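1. For reference, the sequence and a predicted model appear below.
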Amino acid sequence: MLRDIIGFFVDSAGKQHGFLHQGATFTQLDFPGATATRTVSINNAGVIAGSFTDAAGVSHGLTGRPGAFTRFDFLGSTSTLGLSINDSGTLAGLFNDAAGQTHAFVKQGDTFQQFDFPGGHNTIAFGINNLDEVVGVFTNSAGVSHAFTRQRGIFTQIDPPGAANSVAFGVNVLGFIVGSFADAAGNGHGFFDQNGTFSQIDFPGAASTDGNGINAPGTIVGDFFDNAGVEHGYIAVH
């Protein structure tokens with residue numbers, strides 16, 4: 001499954017679907033009865049994580065293999081999104097509570113653990129690796145978003161050089177991190193963080209670029225917007 005790619009798209013009718021890309025083959029993915037499906041992560045066993053929206057407009061987490069998805073929800077939440085899954089099946093994501101606050105979670109089996117960046121709010125866990133290291137984003141007291149990593153329970157803020165705000169989306173087993181940031185002029189760039197050494201990612205000719213995921217060998221996937229405002233995916237080997 002190392003070269004399988006998971007993602008989502010919007011059709012000509014404006015409906016969102018997940019997809020699985022294997023070699024030259026695309027498979028559309030939809031949670032049964034959903035009005036929208038968003039698949040965002042796949043592990044080496046082929047188990048997928050994501051979310052779907054029901055007919056009432058409520059978001060729920062999803063996991064499983066194509067054609068055999070199951071729903072999950074953080075207890076007491078108003079919405080739950082699965083955003084990453086590692087090879088042991090541990091899930092990471094976000095939920096919203098009744099007060100409208102956003103919190104991160106990890107889910108092992110049927111057990112959820114909530115966590116929040118210390119002193120921050122609206123914490124989201126976007127990525128988890130096989131060491132259960134998590135990356136994501138939080139908002140500080142000034143309302144600025146910063147990327148972070150949580151390794152062995154220790155939180156570290158991540159700020160690429162020149163970043164006005166940032167978010168981390170993926171982390172591999174070596175601890176290499178990919179994400180996105182906006183510079184002082186508001187231009188969007190991807191970033192690759194190799195143990196504190198940063199490289200900027202810009203798809204040639206793109207108006208903005210995001211770094212969304214990285215696997216163990218270091219292959220990066222992401223998306224970019226062209227100058228016409230159209231979004232595309234890309235694959236890059238670092």
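-> Cool, the structure landed.
2. Show residues contacting stretch 63-72.
-> With C-beta atoms under 8 Å, 6 or more residues apart in numbering as the test, stretch 63-72 has contacts from 20, 27, 29, 31-32, 46-50, 52, 60-62, 80, 82, 85, 89, 91, 107. (Each C-beta comes from the backbone N, C-alpha and C, glycine too.)
3. Pull out the buried members of these.
-> Neighbour-count burial (16 or more other C-beta atoms under 10 Å) applied to the contacts of stretch 63-72 gives 20, 29, 31, 47-50, 52, 60-62, 80, 82, 85, 91, 107.
4. In strands, which of those fall?
-> Among these, DSSP state E puts 20, 29, 48-50, 52, 60-62, 80, 82, 85, 91, 107 in strands.
5. Just send the residues you listed back as TSV, with distance to Gly119 and pLDDT too.
-> Output for these, formatted as TSV (distance: C-beta to C-beta, whole Å; pLDDT from 0 to 100):
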residue	distance to Gly119	pLDDT
Leu20	39	95
Leu29	38	98
Ile48	34	97
Ala49	28	98
Gly50	30	98
Phe52	33	98
His60	30	98
Gly61	27	98
Leu62	32	98
Thr80	24	98
Gly82	26	98
Ile85	28	97
Leu91	25	98
Lys107	24	98
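6. Please report how far Pro217 lies from Leu174.
-> Per C-beta to C-beta, to the nearest Å, Pro217 is found 10 Å from Leu174.
7. Between these two, which has more neighbouring residues?
-> Between Pro217 and Leu174, counted using other C-beta atoms under 10 Å, the more crowded position is Leu174 (14 against 11).
8. Can you report how many residues neighbour the nearest residue to Gln22 once chain neighbours are set aside?
-> In space, and not counting its chain neighbours, Gln22 is closest to Asp4: 5.3 Å by C-beta to C-beta, 6 or more residues apart in numbering. When neighbours are counted by other C-beta under 10 Å, Asp4 registers 15.
9. I'd assumed His21 was in contact with Asp4.
-> Yes: proximity of Asp4 to His21 meets the contact threshold set by C-beta atoms under 8 Å, at 6.9 Å.
10. domains for this protein, by residue range?
-> Domains of the chain are assigned by automatic domain parsing as 1-95, 116-238.
11. Save those domains as TSV, and put in distance to Thr102 too.
-> Converted to TSV, these look like this (distance: least, C-beta to C-beta, whole Å):
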stretch	distance to Thr102
domain 1-95	6
domain 116-238	4
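12. For Gly46, give its distance to Leu174.
-> Counting by C-beta to C-beta, the gap from Gly46 to Leu174 is 22 Å.
13. do the same with Ile48
-> Noted for Ile48: a distance of 23 Å to Leu174, by C-beta to C-beta.
14. One more: Ser59?
-> Counting by C-beta to C-beta, the gap from Ser59 to Leu174 is 32 Å.
15. Also Gly218?
-> Remark: distance between Gly218 and Leu174 (C-beta to C-beta) = 8 Å.
16. same question, Gln157
-> The gap separating Gln157 from Leu174 is 20 Å, by C-beta to C-beta.
17. Next: Phe95.
-> From Phe95 to Leu174 the distance is 29 Å (C-beta to C-beta).
18. Same check on Ala147?
-> 17 Å.
19. cool, and Pro161?
-> From Pro161 to Leu174 the distance is 21 Å (C-beta to C-beta).
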